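Asker: Take this sequence and fold it.
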Amino acid sequence: MRDGARSPPQPGSSMRFTIKRVGNYVRGDLYERRTVDETREFLQAVATEALGASVDRVLISVHASRPIFRVQRLGLPEFFETITSRPAHRVAMLADSYEGRLAQQYVVTLARQRGLNVRSFRSEGDAIAWLQAQ
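Answerer: Residues are numbered from 1 along each chain as shown. Presented below is the predicted three-dimensional model:
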């Protein structure tokens, strides 16, 4: 398991994350993210872990974080290109707030327009079942 703690932390920031391999997928949990830079840092760490573990399925779970709709500035296109370089890729997304789910739906729509296998879920169980399905 990998715990994310920036050094030095940004002033006033309490963002943290964990990334771990669980069965056939990599799980990234992000807490208290406020900025685009924090999102980019988290996504880069998730991509590095997934590629290093040769895993093509990823669960991203966002907790107590500000929704951000600036997809280009987030580094999402680069993240998805990296993750989807593996043929059986799947990326499941969860958020713990209504606003977070709206932001994720926007991201999913843009990703799916590019032919990427990305979905947003309300239930962790549904997300994991989809990731583990053949």
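Asker: From here on, just use CA atoms for contacts and neighbour counts.
Answerer: Will do.
Asker: So which residues of the chain form strands?
Answerer: Ranges of strands within the chain are 2-4, 16-22, 25-31, 57-63, 90-95, 118-121, based on DSSP state E.
Asker: mean pLDDT lowest for which of those?
Answerer: Within these, confidence is poorest for strand 2-4, with a mean of 52 (mean pLDDT).
Asker: Low-confidence ranges, this protein, go.
Answerer: Applying pLDDT under 70 to the chain flags residues 1-13, 69-76, 85-87.
Asker: Need the strands of the chain in JSON lines (columns: mean neighbour count and distance to residue 84).
Answerer: JSON lines is the format used below for those (neighbours: other C-alpha atoms under 10 Å; distance: least, C-alpha to C-alpha, whole Å):
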{"stretch": "strand 2-4", "mean neighbour count": "14", "distance to residue 84": "22"}
{"stretch": "strand 16-22", "mean neighbour count": "18", "distance to residue 84": "17"}
{"stretch": "strand 25-31", "mean neighbour count": "23", "distance to residue 84": "13"}
{"stretch": "strand 57-63", "mean neighbour count": "23", "distance to residue 84": "9"}
{"stretch": "strand 90-95", "mean neighbour count": "23", "distance to residue 84": "8"}
{"stretch": "strand 118-121", "mean neighbour count": "22", "distance to residue 84": "10"}
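Asker: Turn these into a markdown table, including distance to residue 112.
Answerer: As requested, the strands of the chain are exported to a markdown table (distance: least, C-alpha to C-alpha, whole Å):
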| stretch | distance to residue 112 |
| --- | --- |
| strand 2-4 | 28 |
| strand 16-22 | 24 |
| strand 25-31 | 20 |
| strand 57-63 | 16 |
| strand 90-95 | 11 |
| strand 118-121 | 7 |
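Asker: To residue 77, which of those strands lies closest?
Answerer: strand 118-121 (12.2 Å; C-alpha to C-alpha).
Asker: Can you tell me which residue is spatially central in the chain?
Answerer: Nearest to the geometric centre of the chain sits residue 60, at 3.5 Å (C-alpha atoms, centre = their mean).
Asker: so that one bridges to which residues?
Answerer: Note on residue 60: beta-bridge partners by DSSP bridges are residue 28, residue 93.
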